[in-house]
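*Asks:* coordinates only, no sequence provided:
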């Protein structure tokens, strides 16, 4: 079972810690995220949207939607309804304002919910996405099992997540960025001084590449493939349900 605790000395469980952390940094999250990622995450999300768009989905679920960046991008698909789900009410409130500004209220609904206990019936969604969220699941396997449950047979599941480059000099550059730059920026500009340290540690500890592929297959997903992005600093995973 894959778990990474944000605050090792806390009495709270990971789920409660993650919720509190993202509620605290919700107002600053978008701005800092663009700075820390140098804006490359926008390009990665476009690739996720292209994969989903090719399947012509009618209804889409974006899990760990945060402030709704990917949910908003998914409005470019043929989907009639997009649901963005997150455990953090603070992040959802920021997302709701962005959606309202873009006049996408009728198409995108933001709901609070637990990724490991999804409030939806079996076989509900044509497509499900998670961008930079699976590493925050309290128990990865439980979250993936529930995603498989609510995905329709033949539906597409796409994950966008950080990964660790394996080749020189990208591996060394990534380690410097994640262990030095990311925590430093967090300390200087974030309300939660430990949040970006956790984001760095969780990224480094999370299974990626074939390791995550094997977990997806074990859960029951089929047609599992991974597509490393930008020298391997992130990876897009695509899978489906039989």
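*Replies:* Great, that's in hand. Model, not experiment: these values are computed from the prediction. Numbers count the residues shown, from 1 in each chain.

*Asks:* and residue 214, what helix or strand is that in?
*Replies:* Residue 214 belongs to helix 210-219 when assigned by DSSP states H and E.

*Asks:* elements contacting that helix?
*Replies:* Packed against helix 210-219 by the contact rule (3 or more C-beta pairs under 8 Å, 6 or more residues apart in numbering; DSSP states H and E) you find helix 140-150, strand 222-229, strand 234-240. Glycine gets a C-beta too; all of them are placed from N, C-alpha and C.

*Asks:* got a markdown table for those, with distance to residue 203, mean neighbour count and mean pLDDT too?
*Replies:* Formatted as a markdown table, these follow (distance: least, C-beta to C-beta, whole Å; neighbours: other C-beta atoms under 10 Å; pLDDT from 0 to 100):
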| stretch | distance to residue 203 | mean neighbour count | mean pLDDT |
| --- | --- | --- | --- |
| helix 140-150 | 14 | 19 | 97 |
| strand 222-229 | 14 | 15 | 97 |
| strand 234-240 | 9 | 22 | 97 |
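
*Asks:* could I get those as TSV with distance to residue 133?
*Replies:* Formatted as TSV, these follow (distance: least, C-beta to C-beta, whole Å):
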stretch	distance to residue 133
helix 140-150	9
strand 222-229	16
strand 234-240	12
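
*Asks:* would you check how far apart the residue lying closest to residue 87 once chain neighbours are set aside and residue 92 are?
*Replies:* Take residue 87 and drop its neighbours on the chain: the residue closest to it by C-beta to C-beta, 6 or more residues apart in numbering is residue 19, 5.0 Å away. Distance, residue 19 to residue 92, by C-beta to C-beta, to the nearest Å: 11 Å.
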